[in-house]
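1. sharing a model prediction with you, sequence too.
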Amino acid sequence: MPTPDVSRLSNTLTDGVTVYQQVVYTTQDLASGFIERIPYFIAALIVLGIFWLLSIIFKKVVHKTLGARVRHQNLVKVFQRIGGALILFIGFMIAMVVAIPGFTPAKLIGALGIGSVAIGFAFKDIFQNLLSGILLLISEPFRIGDQIVSGDYEGTVEDIKIRATTIKTYDGRQVVIPNSELYTSALTVNTAYKQRRLQVAVGIGYEDDIETAKAEILQALDKVESVSKKATPSVIATGFGGSSMDLTVRWFIDNGTQANKVASIHQVIVEVKKALDAADINIPFPIRTIDLSDPSVKSIVKQINKQQDDNVNDDNAKKAETE
């Protein structure tokens with residue numbers, strides 16, 4: 001008759017062998033099932049590849065068909081991206097049905113929990129950016145290549161995607177701005193129109209004649225090639241400055257890009273400076289006038305003079321003691 005310890009050990013070994021056999025059988029079943037599904041996985045990958053190619057072909061067909069006919073090119077991008085995404089989504093669904101037995105789109109929707117409040121809040125910003133991107137592409141407030149100002153960022157639009165818009169700043173940095181910000185916030189498009197007005201401030205001396213200075217400045221503007229000939233430049237007096245009469249010079253350029261703006265301002269300033277110097281019209285430095293007749297100023301001057309006298313007397317006394 002076996003002892004209790006031997007019986008217990010025998011039962012433990014039996015249980016261990018049983019568990020091991022179950023693990024082995026389960027692993028073998030999984031491996032055999034995976035091997036059996038390999039052809040289906042390959043077929044699913046082939047289906048995905050076919051639909052990926054179809055999406056590329058669809059985008060090219062849309063571009064060739066509508067690219068030269070549709071005035072608003074952003075609409076073409078909308079059709080390309082939405083249509084391409086829809087084709088890929090259909091291909092993904094078909095591939096899942098091929099690879100996984102019993103799979104249905106309803107099961108995927110139920111697994112993801114689409115439509116629940118939690119998922120809705122989690123994807124709120126994403127959906128907002130997607131909708132804003134579609135509305136931007138349809139309404140087309142700006143195009144690729146336009147120069148815009150949005151908040152603290154200014155640059156050239158490189159790409160308008162469904163989720164975000166990419167701009168390149170003038171110092172060579174790339175900024176990605178969510179479409180919801182562009183759609184809901186104020187936006188400045190510097191290149192929306194062909195012409196753009198520029199201005200610089202000029203100060204002349206109070207002793208100079210304003211009309212003479214105006215005539216000289218207008219003649220200088222005629223020499224600048226970047227100044228548009230389609231609009232008349234102007235020079236207006238805007239105020240009495242602390243040391244000069246303040247004038248504002250305004251003109252238009254035919255190409256409103258940042259590079260042309262900077263170049264035109266430089267050219268205008270150079271020509272205006274030459275013209276005013278040649279006409280002996282003063283461009284004064286900032287001037288500050290001190291009124292010494294005020295009693296408080298006189299008191300300060302007396303104290304300074306007294307302090308200087310005291311310092312001189314002290315120096316003389318020290319010299320006398322040394323001698």
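-> Arrived safely, thanks for sending. Numbers count the residues shown, from 1 in each chain.
2. quick one, helices of the stretch 151-300 of the chain?
-> 179-184, 210-222, 258-278, 295-322 (DSSP state H, counting those that start in this stretch).
3. now mean pLDDT too, for these, in CSV please.
-> Below are those laid out as CSV (pLDDT from 0 to 100):
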stretch, mean pLDDT
helix 179-184, 89
helix 210-222, 94
helix 258-278, 94
helix 295-322, 72
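4. tabulate those helices in TSV, adding columns for distance to Arg196 and mean neighbour count.
-> Heads up, the C-betas are built off the backbone N, CA and C, glycines and all. Shown next, in TSV, are the helices of the stretch 151-300 of the chain (distance: least, CB to CB, whole Å; neighbours: other CB atoms under 10 Å):
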stretch	distance to Arg196	mean neighbour count
helix 179-184	21	19
helix 210-222	15	17
helix 258-278	7	16
helix 295-322	50	10
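5. reformat the ones you listed as TSV; add distance to Thr238.
-> Output for these, formatted as TSV (distance: least, CB to CB, whole Å):
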stretch	distance to Thr238
helix 179-184	34
helix 210-222	11
helix 258-278	15
helix 295-322	33
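6. and for Phe240, the neighbour number?
-> Using other CB atoms under 10 Å, Phe240 is surrounded by 9 other residues.
7. could you list the low-confidence segments of the stretch 101-250 of the chain?
-> Regions of the stretch 101-250 of the chain meeting the criterion pLDDT under 70 cover residues 103-123.
8. who touches the residue positioned nearest the centre of the chain in this structure?
-> Nearest to the geometric centre of the chain sits Val175, at 3.9 Å (CA atoms, centre = their mean). Listed by CB atoms under 8 Å, 6 or more residues apart in numbering, the contact partners of Val175 are 153, 155, 166-169.
9. one more time with 10 Å, if that's ok
-> 150-155, 158, 164-169 (CB atoms under 10 Å, 6 or more residues apart in numbering).
10. out of those residues, which are inside strands?
-> Among the contacts of Val175, the ones falling in strands (DSSP state E) are 150, 153-155, 158, 164-169.
11. which of those sits closest to Ser299?
-> Glu154 (53.5 Å; CB to CB).
12. model confidence over the helix or strand containing Val62, on average?
-> Using DSSP states H and E, Val62 sits in helix 4-66. Taken as a whole, helix 4-66 has an average pLDDT of 73.
13. neighbour-wise, which of the ones in strands among the contacts of Val175 leads?
-> Ranked by neighbours (other CB under 10 Å), those are led by Thr165, which has 26 neighbours.
14. distance check, that one against Ala85.
-> Counting by CB to CB, to the nearest Å, the separation of Thr165 from Ala85 is 18 Å.
15. returning to that earlier point: between the ones in strands among the contacts of Val175, which sits nearest Ala99?
-> Ala164 (32.5 Å).
16. contact partners for that closest one?
-> 129, 132-133, 175-182.
17. beta partners for the residue nearest to the centre of the chain?
-> Ile167 (DSSP bridges).
18. any idea how far it is from Gly151?
-> 10 Å.
19. just to revisit the earlier point, quick one: the residue nearest to the centre of the chain and Lys60, what's the gap?
-> 30 Å.
20. Pro286: how many residues sit nearby?
-> 9.
21. residues in contact with it?
-> 203, 241-244.
22. what about the nearest residue to Ile269 once chain neighbours are set aside, neighbour count?
-> Using CB to CB, 6 or more residues apart in numbering and skipping residues adjacent in sequence, the residue nearest Ile269 is Val200, 6.1 Å away. Neighbour count for Val200, taken as other CB under 10 Å: 14.
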